[in-house]
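J.: Sequence and predicted structure, then a few things I'm wondering about:
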Amino acid sequence: MNEFFAMGGYGWYVWMSYGACAVAVVAEVVALRARHRRAFADAKAAGVEPAPERMETAR
């Protein structure tokens, strides 16, 4: 099992790359949700209501 995690001496680079990618994906999801909520709040403040069929995905 240690050989798998060491990956021929490149384990540190490989696992840190996976970690950096995971952090970037999580940060993008969080930012996307924030932008989505802000867009709906701005639309609601402007008096624009989303279409009824899109209401379920807006939550």
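T.: Received the coordinates, thanks.

J.: Work out for me the element the residue nearest to the spatial centre of the chain sits within.
T.: When CA atoms, centre = their mean is applied to the chain, the residue found nearest the centroid is residue 29 (1.6 Å). Per DSSP states H and E, residue 29 falls inside helix 11-45.

J.: on that earlier part again, would you mind measuring from the residue nearest to the centre of the chain to residue 22?
T.: 11 Å (CB to CB, to the nearest Å). Glycine gets a C-beta too; all of them are placed from N, C-alpha and C.

J.: Return the helix or strand in the chain with minimum mean pLDDT.
T.: helix 2-6 (a mean of 85; mean pLDDT, DSSP states H and E).

J.: neighbouring contacts of that one?
T.: 11, 15 (CB atoms under 8 Å, 6 or more residues apart in numbering).

J.: Could you list the low-pLDDT ranges of this structure?
T.: Scanning the chain for pLDDT under 70 picks out 50-59.

J.: try 50
T.: Judged against pLDDT under 50, the chain has no low-scoring part.

J.: Next, the buried residues of stretch 31-50.
T.: Neighbour counts using 16 or more other CB atoms under 10 Å place residue 40 of stretch 31-50 among the buried residues.
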